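[1] here you go, sequence then predicted model.
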Amino acid sequence: MTTLPEILSRTAPSWAAATQHPFLDAVREGDLPAAAFDTWLVQDHLFVTDLLHFQARLLARAPREARAVLAAGCVAVVEELAWFEEQAGSRSLDLAAAPLPATSAYAVLLQGLDAAGPDEALLALWALERVYLEAWTHASPSTAYGPFVEHWTTPGFAAYVAELEAVAAAAVTRLSADEAVRTVETVLRHEVDFWSMALPAVPAR
Ligand SMILES: Cc1ncc(CO)c(N)n1
């Protein structure tokens, strides 16, 4: 039977790459230029919009035990989008920017998961939320970007990831280990590309 600890250990180097990324080091050290952060923030707003659409579709076909966490997650994502709009307003950012290639590629991945079974899609959702929590935890503490780091490492978000983990733990038992590894690896590769997207503006250290 496939288990999450097995999948985590088989994908460990990719988790490290997606959480100990130079973008996040620069956030922690405070030397990420505001322009790079802002580029990333506008793209993440686009990603979260795509995520809401994906999650709403998944809710409609999810196994019974996953419905409550997915529905609560949809509400949280709607609130997250409003929060992005507030941040964009105070940083004078244009949220209507076009998606960069990493954002478009991630959107294609999420759309593709509609054709996969709900268990694979649930596993992917857990992975993309867990890696985000770990990534921002790696960026902590940050003085320059402190409020953002705090927003993405709150106990509420950690509790949501833990609830998703319980659902993903059940889902993964219905997948083959190779299938589950492939799904998680694909998510983690897209996460690395997403952090890398805004990095050319980061000074060498
Ligand atoms: C790229 C990315 N991955 C995961 C999350 C978590 O919602 C996010 N906001 N952005």
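    Now that the structure is in, tell me what you want to look at.
[2] can you tell me which residues contact Glu191?
    Glu191 sits next to 18, 128, 131-132, 135 when contact means C-beta atoms under 8 Å, 6 or more residues apart in numbering. Placement of C-beta: from N, CA and C, glycine included.
[3] with Leu70 instead?
    Applying C-beta under 8 Å, 6+ apart, the residues contacting Leu70 are 55, 58-59, 62, 125.
[4] over to Arg10?
    Residues in contact with Arg10 (C-beta under 8 Å, 6+ apart) are 177, 181.
[5] measure it to Gln55 for me?
    Relative to Gln55, Arg10 is positioned 26 Å away (C-beta to C-beta, to the nearest Å).
[6] equivalent analysis for Val161, please.
    Taken as C-beta to C-beta, the span from Val161 to Gln55 is 14 Å.
[7] of all the contacts of Leu70, which comes closest to Thr2?
    In terms of C-beta to C-beta, no member of the contacts of Leu70 lies closer to Thr2 than Leu125, at 16.8 Å.
[8] confidence score at that closest one?
    Looking at Leu125, its pLDDT stands at 99.
[9] what's stretch 96-116 in contact with?
    Here stretch 96-116 makes contact (C-beta under 8 Å, 6+ apart) with 39, 42-43, 46-47, 50-51, 53-54, 57-58, 120-121, 124, 183, 186-187, 190, 193-194, 196-197.
[10] just the residues you listed: which are in strands?
    Using DSSP state E, no member of the contacts of stretch 96-116 sits in strands.
[11] the ligand contacts on this structure?
    Counting by C-beta under 6 Å from any ligand atom, the chain comes close to the ligand at 44, 47-48, 51, 128-129, 132, 191, 194.
[12] below-threshold pLDDT in the chain: ranges please.
    Low-confidence segments of the chain, defined by pLDDT under 70: 200-205.
[13] just want the residue of it that's nearest the ligand.
    In the chain, no residue comes nearer to the ligand than Tyr132, which is 3.7 Å away by C-beta to the nearest ligand atom.
[14] quick check: next helix or strand after the host helix or strand of that residue?
    Here Tyr132 sits within helix 118-138, counting by DSSP states H and E. Note on helix 118-138: by DSSP H and E, the next helix or strand toward the C-terminus is helix 146-151.
[15] need the residue closest to the centroid of the chain.
    Leu128 (3.9 Å; C-alpha atoms, centre = their mean).
[16] just checking, that residue touches Val187?
    Yes: applying C-beta atoms under 8 Å as the test, Leu128 and Val187 come out as touching, 5.1 Å apart.
[17] buried set for stretch 24-40?
    By neighbour count on 16 or more other C-beta atoms under 10 Å, the buried set for stretch 24-40 is 24, 26-28, 32, 36-40.
[18] can you tell me what sits against it?
    Contacting residues not belonging to stretch 24-40 are listed as 23, 91, 93, 100, 135-136, 138-145, 148-149, 195, 197-199, 201-203, 205 [C-beta under 8 Å, 6+ apart].
[19] now do 6 Å
    93, 135, 138-139, 142-145, 198, 201-202 (C-beta atoms under 6 Å, 6 or more residues apart in numbering).
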